Structures are given as structure tokens and as C-alpha cells.
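In: Sequence and predicted model, in that order:
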Amino acid sequence: MSTSDAVRNPLFARLYHRVSALAEDAGQREHRRELLAGLAGRVVEVGAGNGLNFRHYPADIEEVIAVEPEAYLRARAREAASRARVTVRVVDGLAERLPLDDGSIDAGVFSLVLCSVPSQLAALAELRRVVRPGGELRFYEHVRGEGATFARFQRAADVVWPCIAGGCHTHRDTPRAIEGAGFEIETCRRFSFAPCSALAPIKPHVLGRARRA
């Protein structure tokens, strides 16, 4: 069984492809630019989706290996890769089993994907394996809210949210998971962002960078 057979969300993938364009116009495009600014060398993007990050990679990038397990989104990512100004190689793969050698990557990128992986710990441990010592992790994720009332709202939403949103969870403490996986967070900006009211449960976001010890 190929990875694309193991991860199939055809309805959500098509919905995401449409909704993501609206989110870009609402401000997500600027978040992606901030996320990727200053990157260089060889980069792996885990869960590349439909490739919306590709246009924002700096010219100093040697190569982007974009891993995406969902077949429809992977096809859209390959279309985006053909228009990118840097070399982007889109491959099938899982966050927990990256098709890369130990320490072969200068930086890893997680962009709105740690919400939906089965295990954040496994995905982050696998990224740590392939990133060289001293290499970077760039992250842009929606996360658990800091207030108790909103966190309860997210826990309630998570009863149904993963079922309708391709396995996405609203209530994950992603910065804590990053630190627990052996990365040292250097910057982490918290902010609210929801392009429409239906996405209120995923309003709290973080954007930052961490370093592999």
C-alpha cells in the first residue's frame, strides 16, 4: 500500500484547496512570508498541502523536499512547484516516515499540519532525525488558546472537528510539543487569526522558529 492509499481525504482536500485561497487573501499570505524569510540550504516541508508556501521560499534555498501524503493535494502541490522560483521536489510520504537520510536537511517547515498528524511527538521526532544538528524548525500552526474559557470551547469542538476537518484538532499545545521533542524555541509570536467566523475554534496561532540541539 502506498502512502497515498493510506491517507485519503478527498472531500476535505478539495474543500481545503478552495478555502485556503480565501485565507490567503485574509492575511495568511503575509504569515507565510514571515515564516520562510531568511531560510537557506536544503529544506523539508512536512505536509505541504497544495503548495501555497512554495512562492515564498527565498532565492537562497538549494532545494525544497515537499512531503504530502494526500493524493489530490499532492497533485496541486506539483502544479505550484512548477511555478516556484526555487527547486521544489514534491514527494509522497508521511510525517512519521520521511523519505530522507539522518541529518541530511538544513531546516524543516511545519505549516498548519501539526494539528492533524496522528502524533505530534512522532512527527517532531522524525523531523529531528533528518535535520542536522544546529538546523532550524520553522513553525506556523493554530494551537490551544491560553484562556481557560476558550480552551474549554476548543475541547468541545474537538468532539466533532477532526471528523469534518481531515483529522485536524483545535486544542493542541504545539509549542510544548516542539520543546519536548528536543528543539529549543528561539522565537514564538502568538496572535489571533480567523478568516471567517466558522473557523473561530482555530483562531489562536503561533509563528516562530526553533533550533535542533
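Out: All right, it came through fine.

In: Could you give the number of residues near Asp25?
Out: Here the count is done by other Cβ atoms under 10 Å, and Asp25 has 9 residues near it. All C-beta atoms are positioned from the backbone trio N, CA, C, and that covers glycine.

In: ugh, wrong one, Arg176
Out: Residues within reach of Arg176, counting by other Cβ under 10 Å, total 13.

In: In the helix or strand hosting Leu11, which residues are buried?
Out: Secondary-structure element containing Leu11, defined by DSSP states H and E: helix 10-23. Using 16 or more other Cβ atoms under 10 Å as the test for burial, helix 10-23 gives 12-13, 16, 20, 23.

In: which residue is nearest the centroid of the protein?
Out: For the chain, Ser111 is the residue whose C-alpha lies nearest the centre (Cα atoms, centre = their mean; 2.3 Å).

In: That one is in contact with Glu45, isn't it?
Out: Yes: using Cβ atoms under 8 Å, Ser111 and Glu45 qualify as a contacting pair, with a distance of 6.9 Å.

In: Give me the common contacts of those two.
Out: The contact sets of Ser111 and Glu45 overlap at Asn53 (Cβ atoms under 8 Å, 6 or more residues apart in numbering).

In: Now do the strands in the protein.
Out: For the chain, strands defined by DSSP state E occupy the ranges 41-46, 61-67, 88-91, 105-111, 131-142, 183-192, 204-212.

In: Which neighbours in the sheet does the third one have, and how are they oriented?
Out: Same thing as strand 88-91. According to DSSP bridges, the neighbouring strands of strand 88-91, each with its direction, are strand 61-67 (parallel).

In: I'd like the mean pLDDT over stretch 157-165, please.
Out: In this model, stretch 157-165 has an average pLDDT of 94.

In: How many residues are close by Gly180?
Out: When neighbours are defined as other Cβ under 10 Å, Gly180 has 13 of them.

In: OK, contacts around the residue nearest to it when sequence neighbours are not counted?
Out: Here the nearest residue to Gly180 in space, its sequence neighbours aside, is Leu121; by Cβ to Cβ, 6 or more residues apart in numbering that works out to 7.0 Å. Neighbour list for Leu121: 177, 180-181 [criterion: Cβ under 8 Å, 6+ apart].

In: Give me the pLDDT value at Tyr16.
Out: 83.

In: Let me know whether it touches Asn50 as I believe.
Out: Yes: contact between Tyr16 and Asn50 holds when scored by Cβ under 8 Å: they sit 7.3 Å apart.

In: any shared contact partners between these two?
Out: Going by Cβ under 8 Å, 6+ apart, residues that sit against Tyr16 and also against Asn50 are Leu73.

In: one step back: packing partners for the helix holding Leu11?
Out: With contacts defined as 3 or more Cβ pairs under 8 Å, 6 or more residues apart in numbering; DSSP states H and E, the secondary structure elements packing on helix 10-23 are helix 71-81.

In: Next, the buried residues of the helix it packs on.
Out: 71-74, 76-78, 80-81.

In: Touching it from outside, list them.
Out: In contact with helix 71-81 (Cβ under 8 Å, 6+ apart) are residues 4, 8, 10, 13-14, 16-17, 48-52, 54-55, 66, 68, 88-90, 92.
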